[in-house]
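okay, predicted coordinates and the sequence, questions at the end:
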Amino acid sequence: LPRGIDEVFYEPDKDASGPDAFHFSTTDCPGRRLRQAKDAVVNLTIASRNDRPQARDLRANVTAGDEGTAVAVDVSDVDNDRNSLVVELVELPSFGRVQAA
């Protein structure tokens, strides 16, 4: 670090969580490292953030007039936080009905 700078900023990677660390040392002879201190460690704990899950588009083929076709809605869609997910119907189809199986 440049002389006189005694603070650094740490920014974790996106979706990182858990332990991380970095090491630093000091010297009293800049450039020559003749008298260097033992390395010190900054231990960090990255708290996870509850990110928005991502629903995946699905495709199903059905035949008109059938009594119904089961369409599996993958409730294990992408959620990096591993929270339980709830499926919510937000728009009805134009030419049929949807109901829970």
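Noted; the coordinates are in hand.

so what's Ser25 closest to, chain neighbours aside?
Asp39 (4.9 Å; C-beta to C-beta, 6 or more residues apart in numbering). Every residue, glycine included, has its C-beta placed from N, CA and C.

go on, Gly18?
Ile46 (6.0 Å).

same question for Thr26.
Leaving aside its sequence neighbours, Thr26 sits nearest to Ala37 (C-beta to C-beta, 6+ apart; 4.6 Å).

need the pLDDT of that neighbour.
For Ala37, the model assigns a pLDDT of 78.

coming back round to it: which residues touch the residue nearest to Gly18?
Neighbouring residues of Ile46 by C-beta atoms under 8 Å, 6 or more residues apart in numbering: 12, 16-20.

just Phe24 next, same as before
Contacts of Phe24 (C-beta under 8 Å, 6+ apart): 39-40, 42.

next up, phi/psi of it, please.
The phi/psi pair for Phe24 (degrees, to the nearest 10) reads phi -150, psi 160.

related to what we said a few turns ago, sort out for me which of the contacts of Ile46 are in helices.
Judged by DSSP state H, helices contain none of those.
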